[in-house]
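Quick one: sequence plus predicted model below, questions after.
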Amino acid sequence: MSAETRTWRAGGCHCGAVRFEAELPLAFEVEDCNCSMCAMSGNVHVIVPASRFRLLQGAEQLGKHTFNTHKAVHLFCTTCGIKSFYIPRSNPDGYAVTWRCLDDWDKLTVTVVAFDGQNWEANAGRLAHKSID
């Protein structure tokens, strides 16, 4: 995909302390994962390479949570508790951006794709290409 078909989109947490940008195509897929973390938090996300993600403000506000294999790094605003993005276990060289934390999330053209995170080991390979620039 050429850079001309992508644009930088801003987003952040609920209170505005954490702000970021992600370079995304005009239309893209978001993962609706059923793993315990995503299912309980209602997280639907798009994975981008690290080169297409910029933290603009709030690094000092980010808390971190890991569990199980400790490979996924769940980052959240310590003021409002919102996880705007995280480093996914499937793509440690990228970021999973929470779709609804993008400023214009309801105006974007997305396709919601179910991802079976409850059977992560069998399905993680389907996501590996998403963090390649």
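It's in. Given the structure is predicted, the values throughout are model-derived calculations rather than measurements. Numbers count the residues shown, from 1 in each chain.

So what touches the longest helix along the chain?
Here the longest helix in the chain is taken by residue count, with DSSP state H as the criterion, and it is helix 36-41. Around helix 36-41, the neighbours that count as contacts under CB atoms under 8 Å, 6 or more residues apart in numbering are 32-33, 43-45, 67, 72, 74, 83, 117-118. C-betas here are computed from N, CA, C, even on glycine.

Give me the subset of those that lies in helices.
Among the contacts of helix 36-41, DSSP H puts none in helices.

Pull out the buried members of these.
Burial by neighbour count, judged by 16 or more other CB atoms under 10 Å, picks out 32-33, 43-45, 72, 74, 83, 117 from the contacts of helix 36-41.

In TSV: the residues you listed, plus distance to residue 14.
Listed next are the buried ones among the contacts of helix 36-41 as TSV, based on distance: CB to CB, whole Å:
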residue	distance to residue 14
32	21
33	21
43	14
44	16
45	16
72	21
74	16
83	10
117	24
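
isn't residue 124 right up against residue 88?
No: with contact defined as CB atoms under 8 Å, residue 124 does not reach residue 88; the gap is 9.1 Å.

Which of these two has more residues huddled nearby?
The neighbour comparison of residue 124 against residue 88 (other CB atoms under 10 Å) goes to residue 88, with 25 against 16.

Now the more buried one, what are its backbone angles?
Here the main-chain torsion angles of residue 88 (degrees, to the nearest 10) amount to phi -80, psi 150.
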